[in-house]
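>>> Just to be clear, the model below is a prediction. Sequence and coordinates:
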Amino acid sequence: MKLLIFGLGGSELIFVALLVLLLFGGKKIPEMMKGLGQGVKSFKEGMKDVTSSEDEKKDEKKD
């Protein structure tokens, strides 16, 4: 079984990881991942707010 993520095999993923490590350095990567995690969390909360407000509008139209 071949490992494929986004059409990349194992050796390509290792190459990309090394390239990122060389470009950004070991200290910058955790900061970037923390920012990415906060962005995803914020996006999920925003989507939750949008869906709840759409549900409220549907409920108002039924009444």
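Alright, I've got the coordinates.

>>> contacts, neighbours, all on C-alpha from now
Noted.

>>> helix or strand right after the helix or strand that residue 12 is a member of?
Using DSSP states H and E, residue 12 sits in helix 10-24. Per DSSP H and E, helix 10-24 leads on to helix 28-62 as the next helix or strand towards the C-terminus.

>>> if we can go back for a sec, return the set of buried residues in the helix holding residue 12.
residue 13 (16 or more other C-alpha atoms under 10 Å).

>>> Could you figure out how far that helix is turned away from helix 28-62?
Counting by axes from the mean of the first three to the mean of the last three C-alpha atoms, to 10 degrees, helix 10-24 points 100 degrees away from the direction of helix 28-62.

>>> Determine the set of other helices and strands touching helix 10-24.
Counting contacts by 3 or more C-alpha pairs under 8 Å, 6 or more residues apart in numbering; DSSP states H and E, helix 10-24 is packed against no other helix or strand.

>>> for residue 8, phi and psi?
Per-residue torsions, residue 8: phi -110, psi 140 (degrees, to the nearest 10).

>>> and if you look at residue 27?
Dihedral angles for residue 27 - degrees, to the nearest 10 - are phi -80, psi -30.

>>> count of residues packed around it?
Per other C-alpha atoms under 10 Å, the neighbour tally for residue 27 reads 9.

>>> Next: residue 48.
Applying other C-alpha under 10 Å, we find 12 other residues in the vicinity of residue 48.

>>> For residue 44, give its distance to residue 33.
16 Å (C-alpha to C-alpha, to the nearest Å).

>>> Could you pull up phi and psi at residue 7?
phi 80, psi 10.

>>> Nearest the middle, which residue of the protein would you pick?
residue 40 (5.1 Å; C-alpha atoms, centre = their mean).

>>> May I see the buried residues of the least confident helix or strand in the chain by mean pLDDT?
None of the helices or strands of the chain scores lower by mean pLDDT, DSSP states H and E than helix 28-62, at a mean of 84. By neighbour count on 16+ other C-alpha under 10 Å, the buried set for helix 28-62 is empty.
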